[in-house]
Each structure stands twice: as C-alpha cells, then as structure tokens.
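1. starting from these lines, generate the structure:
(one chain, ligands or ions: 2)
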Amino acid sequence: MEIARTRLTCPECGEELSRAGDDAPWCASCEWNLLTPASKLATRWDRALFAEFSKQRPGKPPRTPLGVALVIVSVLLGLVPFGLLGWGAWLLANGSWLIGPPLLVLAFLLRPRLWRLPGKDYRLRREQAPTLFTLIDRVAAAAGTPVPEIVTISSEYNASTYRAGFRRTTGLDIGTYLFATLTPQQRVALLAHELGHQVNGDPARLLLVQPTLTTFGTLANMFGAYENMREVVFGGKSMMPMRFLMFLVGRVFLVVQVALSVLAFRDRQRAEYLADGVAVDVAGSEATAGLLDRSALASPIMRLIAYRANTKGPADWPALVAGFHAARQEELCAYRQLTLRESTLWDSHPPSGLRARVVEAWPQKAPAFVLSEQESARIDAELARWYGRAHQRLLD
Ligand SMILES: [Zn+2]
Ligand SMILES: [Zn+2]
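-> Ligands and ions are numbered 1, 2, ... in the order given. Predicted coordinates for the structure are as follows:
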C-alpha cells in the first residue's frame, strides 16, 4: 500500500499524520493510532520479542517451554493414527465389522505426512545455473551450513527453506519476483537468511511439530466444521441431529487447531531473528536491513512491477525497484510501522519493520564477502527462463 501524507495533525505530538489507502491515519512520529484492535494483541507479542532481541543478538537455536510442549503434543498426536490402526485391526480380527473399518479409515486419514518434494519442473540443476550455485556454496560456507540438496524456483515475492520427502531432503526455494528485484548484496542476505534456518535446524523442527499443525484441522474437516450451520440445521438433510452434533464437535476441533497454530507460528518467530543474525554475519548489516525493507515494501513493489510490466521486463526490475526504494527513504519509517498494523496472531514471521529495526540495533557488521554486479548479472542470465515465466504471469 502506498503511504501518503494527510495534512492532519497528530493530537499527541502535532506532527503530520500518514495514511495508507483508505485506512485510518496514524502518526509516524509517535505511533498514535498505528494499531488496530486486531493488531494490538498480536503486536504485544511482537514487541516482547523485539525488546528481547534488539538488546542482544540471539545466540543459539531457541528451546522455549512452549516449543518443548509443542513437540510433546506432536509426538502424542503422531502416535494416534498408529493406535487407531492397531485398535481397528484388533476389532476386525475379533469380528467387529461395524467399528473396525471406520477406525482404520480414520487412521489412514490422520497418517503422518511428509511434505512432498517439488516437481522436476521447478527444480534448478547446477549446470543450468553454475554462478548461482557457486554463490549458494559461498553463502553456505560462510554460514557454516551444508549446501541444500535441491534448489527450486517459484514465481513468488519470497524465499524459503524446507525438508521434504521420505529422505527429508533439504531444499531451498527462491521466489523470482523477490530475487530478481534485489541488489546483489541483498541477494546474499536473502540466501544467508534461508540457509541460516538450516544452521538452526528450523525446517527439521517444523517437520517435528507437523502433527500439531495438521491433526485437528483434518478432524475438523472430517466432522464438517466448515459446513454452513444454517444448511446443517435447516437444510432438510437427513439425520439432522447427528449432523449438527458432528458440526459442533468439528467446530471444537477447529478452535483447537487455530489455537495450536497460533502457538506454533509464534514460537517459530524467534527462529526468524536467529536467521537474520546469520544474514548479518554473511551479507552485512546494511544489506540485511535493506532486504527486510524490501519485504516491508513488498506490496507496493509488486504493484509497481505489475503495473509497468508492459514496458519494463525483468532486466529493468533491479533499477526500477531500487529507484522506488530510494524515493521512499523518508517514508521508510512509516512503511516499517505499517507492517506492525498488519500483524496477526497467526503470522509465521515477525513484522519485517521490526526485524529491520532489530538488525539496525545490533552492532553493525561488514559483509563476509561481496557479490559483484557482474556475478549478479550472470545469475540473472542463468535464470532468464524463470524470470521470463514470472514476467509472463504479470502480463497475463
Ligand atoms: Zn504523534
Ligand atoms: Zn525465515
């Protein structure tokens, strides 16, 4: 969203108020009226983490009581399908054809699932992009982490690390819209942040808490929690009382699911500050803060490249976006604040505005190595096919 001045003055400090779209104006200088009732609760948590980590860089992977509790819940939930399988099989063996089979079906539906590996179409091979892979090698060496086993490319303004498949293959996903628009050193920061998650073991931890994130959602779905209550009660369907009861049970599962997800995502947020620390060590403080500001500016940047897609292609994006970013230096503080207003309880990441401020609060660090313009341009050439695809999506 674009931020505009309003000519209204702040009742607290008398400065001019800012406004984003049609939303309520706020004061960028004293943060009066910045938060909405919804974001107030979420940002209380955000600010607690901010206060903790802006004073001191987090040192090692976080092990919080909440994180330990989530793993225990996950292990217990992970055992449920096996219990159901055994119980169902035992009932079947004893001739109970009424209850045995549904238990087996339930066991199957709740089975632990490993994320599937992305299709070959999205994978990038080393010989297709030698310069990019060399950069990943350098970042991995500087961060002290193994090189990811697969690299995938997606059309997103994002990047991620994951573990997937039976062998729990490590993967790095690079979103073209984000990568293509960054400065060379911000690219180093992006890769270092993502590989930083591998250093800290975050993808493995995420896989471990997966039952917490999915079991109750699956149950809620099975019990018809997403059905319309009016439909269930007045829709004239058969077995109404039974269906209504299931609907209610489903709704309870749904509430449990939302609560567990909020806790799991919130616990994960600490890991983001740790990964930002790795990015600072490898790419330097300036590039890391710049990367986080590009994240705070995500929606206006996406709108800009989409709006100019007819005349500006991927080759023009870095200059276009750098110009846009530079022109908003004065409003940058307000853009960072806006990420707080948009904060929700179920965000997997802390507001990027706060992350940028945390990075600036830490002792400033010079980069471990610098990616040259030439190398960066060579990577662009290697990714031209994927950039073209991303550009085409904007034109469609
Ligand atoms: Zn004010
Ligand atoms: Zn991250």
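
2. part of a strand, is Thr161?
-> Yes - counting by DSSP: H, G, I helix; E, B strand; the rest coil, Thr161 is part of a strand.

3. quick one: it and Glu194 touch, right?
-> Yes - assessed by CB atoms under 8 Å, Thr161 is found in contact with Glu194 at 4.7 Å. Backbone N, C-alpha and C define where each C-beta goes, glycine included.

4. looking at these two, which is more packed in?
-> Shown here are Thr161 and Glu194; by other CB atoms under 10 Å, Glu194 has more neighbours (25 against 21).

5. quick one on the thing from earlier: overlap in contacts, Thr161 and Glu194.
-> Contact with both Thr161 and Glu194 is made by residues Leu172, according to CB atoms under 8 Å, 6 or more residues apart in numbering.

6. and the helices in the stretch 1-150 of the chain?
-> If DSSP state H, counting those that start in this stretch is used as the criterion, the helices of the stretch 1-150 of the chain fall at 37-55, 65-93, 100-109, 130-143.

7. can you redo the ones you listed as TSV with mean pLDDT?
-> Rendered in TSV, the data for the helices of the stretch 1-150 of the chain read as follows (pLDDT from 0 to 100):
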stretch	mean pLDDT
helix 37-55	85
helix 65-93	87
helix 100-109	87
helix 130-143	97
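
8. for ligand 2, see how far away Leu182 is.
-> 15 Å (CB to the ion, to the nearest Å).

9. what comes up buried for whichever helix or strand Leu219 is part of?
-> For Leu219, the element it lies in under DSSP states H and E is helix 210-222. Of all the residues in helix 210-222, those buried under the rule 16 or more other CB atoms under 10 Å are 210-222.

10. going along the chain, name the strands of the stretch 251-396 of the chain.
-> Under the criterion DSSP state E, counting those that start in this stretch, the stretch 251-396 of the chain contains no strands.

11. spell out which parts of it neighbour ligand 2.
-> Counting by CB under 5 Å from the ion, the positions of the stretch 251-396 of the chain adjacent to ligand 2 are 272, 275.

12. for the stretch 251-396 of the chain, what spans make up the helices?
-> Taking DSSP H, counting those that start in this stretch as the criterion, the stretch 251-396 of the chain contains helices spanning 285-296, 298-307, 317-327, 332-341, 352-361, 373-382, 384-395.

13. may I see the buried residues of the second one?
-> Judged by neighbour count using 16+ other CB under 10 Å, the buried positions of helix 298-307 are 298, 300-302, 304-305.

14. and of those, the nearest to ligand 2?
-> Ligand 2 has its nearest neighbour among these in Ala298, at 14.2 Å by CB to the ion.
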